[in-house]
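> sequence unavailable; structure follows:
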């Protein structure tokens, strides 16, 4: 079980640092910067003001202050509103990064892996753009709801890191296994691989999720030290998310196409 995952990891790591893959992050990065630059410029202050009013109206300053004091984090009382804003924006940053990678990078990743490692693998076109869009959107809705429900866990950073990794593991396994197989596998082949290799796909997704949790932790941790650095750290986090998503896409692509090649081997 582990060896195919490790082989795919090594292949993805080599591909990740090729000039082609590094350049592949440029377009999604520019799209993300344009989107989030505009949103932060126009909406950051109104978001702060709305959170301030909401915390004051519903007595959340006292509640959050009491919880933080109990956890020995009383020094964060004055930063509770910026922290709430960051936690609200973080899943949106992850989601938009994933969407931009899915639209702008995954097709190129699929062509690259197919040309380099599986040039003779027959294409059966078992997926479609609309199918990919449906899988992406449904997965994102569930991810966003679960993220909101688990937000209180951020009072305990290690647990929050683990929860984010598991959530991302589920989302990436769902989304990227579809995209990785949509061109080459038939509908039946894709269903067989997803069913028989579910644990391996979740393992790849969860490990990638642990990597993907690091930009968010760095962003929130750094911004808590200096709220002035918020926009700079946000840009850096978006770029890191994109790089990690590209690596994750490569990892899934190599693993899934090798699984497809193995599935077809007996009848070859």
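Here it is on my side, so go on. Everything numeric in this text was worked out from a predicted model, so none of it was measured.

> for the rest of this, base every contact and every neighbour count on C-alpha atoms.
Noted.

> quick check: mean pLDDT across the host helix or strand of residue 192?
Applying DSSP states H and E as the criterion places residue 192 in helix 187-196. Averaged across helix 187-196, pLDDT comes to 93.

> show the contacting residues for residue 255.
4-5, 8 (CA atoms under 8 Å, 6 or more residues apart in numbering).

> re the thing from before, now do the helix holding residue 192: which elements does it pack against?
Judged by 3 or more CA pairs under 8 Å, 6 or more residues apart in numbering; DSSP states H and E, helix 187-196 is in contact with helix 157-181, helix 230-264.

> hmm, back to that, now, the contacts of residue 255 that are in helices?
Using DSSP state H, the members of the contacts of residue 255 that fall in helices are 4-5, 8.

> buried members of those into PyMOL, please.
Of those, the buried ones go into a single PyMOL selection, burial set by 16 or more other CA atoms under 10 Å:
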select buried, resi 5+8
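
> need the worst-confidence member of the ones in helices among the contacts of residue 255.
Lowest pLDDT among the ones in helices among the contacts of residue 255: residue 4, 90.

> if you skip the residues just before and after it, what's nearest to that one?
Nearest non-adjacent residue to residue 4, counting by CA to CA, 6 or more residues apart in numbering: residue 255, 6.9 Å away.

> before we move on, what's the pLDDT of the one you found?
96.

> likewise for residue 67?
If you check residue 67, the pLDDT there is 69.

> what do you get for residue 102?
On the pLDDT scale, residue 102 gets 69.

> how far out from the middle of the chain is the host helix or strand of residue 131?
Secondary structure assignment for residue 131, by DSSP H and E: helix 129-149. Offset of helix 129-149 from its chain centre (CA atoms, centre = their mean, to the nearest Å): 12 Å.

> now do it and helix 157-181, the angle between them.
170 degrees (axes from the mean of the first three to the mean of the last three CA atoms, to 10 degrees).

> in helix 129-149, what counts as buried?
By neighbour count on 16+ other CA under 10 Å, the buried set for helix 129-149 is 132-133, 135-136, 139-140, 143-144, 147.

> out of those residues, which is nearest to residue 246?
Here the nearest of those to residue 246, counting by CA to CA, is residue 136; it sits at 15.8 Å.

> tell me where the model's unsure across this structure.
Low-confidence segments of the chain, defined by pLDDT under 70: 1, 67-68, 71-78, 87, 90, 102-104, 154-157, 213, 216-231, 267-268.

> still on that earlier bit, any chance of the buried residues of helix 129-149 in JSON lines, plus distance to residue 170?
What follows is the buried residues of helix 129-149, written out as JSON lines (distance: CA to CA, whole Å):
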{"residue": "132", "distance to residue 170": "16"}
{"residue": "133", "distance to residue 170": "17"}
{"residue": "135", "distance to residue 170": "12"}
{"residue": "136", "distance to residue 170": "12"}
{"residue": "139", "distance to residue 170": "9"}
{"residue": "140", "distance to residue 170": "10"}
{"residue": "143", "distance to residue 170": "9"}
{"residue": "144", "distance to residue 170": "12"}
{"residue": "147", "distance to residue 170": "12"}
